[in-house]
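K.L.:
Need a 3D model of the sequence below.
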Amino acid sequence: MTADFFWAPRPRPTRGPKAALTLDQIADAAIAIADAEGLAAVSMQRVAADLGYTKMSLYRYLPGKAEMVAAMLERALAHPPRLGNPWREALTDWATALLAAYTGHPWALEASSGRRPIGPGEMAWMESALRVLPPGLSGAERLDTVATIAGHVRMIVGQVAESDLTAAMGMILRDHAATYPAVVAAISDVAAHGGADNAFAFGLGRILDGLECLLEQRASVG
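P.N.:
Okay, here's the model as predicted:
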């Protein structure tokens, strides 16, 4: 894996045919495969075939699959939204846009896990969130805040991908309701009063509440 793949100057070949593809075209072809069949279906061979080229021809543009997946993630995440003020609304907009980017490409959750080349798109997402954070936080706390919000988004995306669990729980409770009375009570309350499928907004609100409370406490002491 080439860590500086997005940042190192790309050498221009002095021999051979003129480059006919772009990295974006390769990434878009790979995204189309992943959207339809999952990330496991993406390979250098498959992408090259879909583009009408040989596998070896792709190596003119990227070293291997790890870099291709990183390029896919860059394209899938695109650019963060333009954020305004106040900071709570801005961070809500940021998290909502990130959720939409991930849910639009379910494979992106897997692609963004573990070591990988980090591109300017991912850096722009972090930069935009850090810029709207209010004063009163240390550098570590600012980074932790963004990590916590992004982690919440990723957790929700993972839950959406496993939505069949809800149906499975219903099947279990039909025969074992007496064993799990608290679960039955919560589900019954949702059935009577609504409010289901709100974990993203509820969790994000509590994260921002906690941050606001911390800032207010520090302001009162200062």
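K.L.:
end-to-end on stretch 31-49?
P.N.:
Start and end residues of stretch 31-49 are separated by 14 Å (Cα to Cα, to the nearest Å).
K.L.:
pLDDT averaged over it, what's the number?
P.N.:
Averaged over stretch 31-49, pLDDT sits at 96.
K.L.:
Counting neighbours, show which residues of that stretch come out buried.
P.N.:
Residues of stretch 31-49 classed as buried by neighbour count (16 or more other Cβ atoms under 10 Å): 31, 33-35, 39, 42, 44, 47-48. (Each C-beta comes from the backbone N, C-alpha and C, glycine too.)
K.L.:
next one: the worst-scoring helix or strand of the chain on mean pLDDT to chain centre, how far?
P.N.:
Every helix and strand in the chain was compared by mean pLDDT, DSSP states H and E; the lowest is helix 164-176, with a mean of 76. Chain-centre distance of helix 164-176: 29 Å, with Cα atoms, centre = their mean, to the nearest Å.
K.L.:
for it, packing partners?
P.N.:
Applying 3 or more Cβ pairs under 8 Å, 6 or more residues apart in numbering; DSSP states H and E, we find helix 164-176 packed against helix 181-193.
K.L.:
Go through the buried residues of stretch 31-49 and say which is closest to Gly158.
P.N.:
Using Cβ to Cβ, Leu39 comes nearest to Gly158 of the buried residues of stretch 31-49, at 14.5 Å.
K.L.:
Low-confidence ranges, this structure, go.
P.N.:
Along the chain, the parts satisfying pLDDT under 70 run over 1, 10-19, 160-166, 196, 222.
K.L.:
Three-state assignment for the closest residue to Thr2 other than its chain neighbours, please.
P.N.:
In space, and not counting its chain neighbours, Thr2 is closest to Pro63: 5.2 Å by Cβ to Cβ, 6 or more residues apart in numbering. Following DSSP: H, G, I helix; E, B strand; the rest coil, we place Pro63 in the coil state.
K.L.:
What values do phi and psi take at Pro63?
P.N.:
Pro63 adopts backbone torsions of phi -70, psi -30, taken as degrees, to the nearest 10.
K.L.:
how near is it to Met44?
P.N.:
10 Å (Cβ to Cβ, to the nearest Å).
K.L.:
Quickly list what's touching both of those two.
P.N.:
Jointly contacting Pro63 and Met44 under the rule Cβ atoms under 8 Å, 6 or more residues apart in numbering is no residue at all.
K.L.:
can you list the domain ranges for this structure.
P.N.:
23-76, 78-221 (automatic domain parsing).
K.L.:
TSV for those, including distance to Trp7?
P.N.:
What follows is the domains of the chain, written out as TSV (distance: least, Cβ to Cβ, whole Å):
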stretch	distance to Trp7
domain 23-76	12
domain 78-221	8
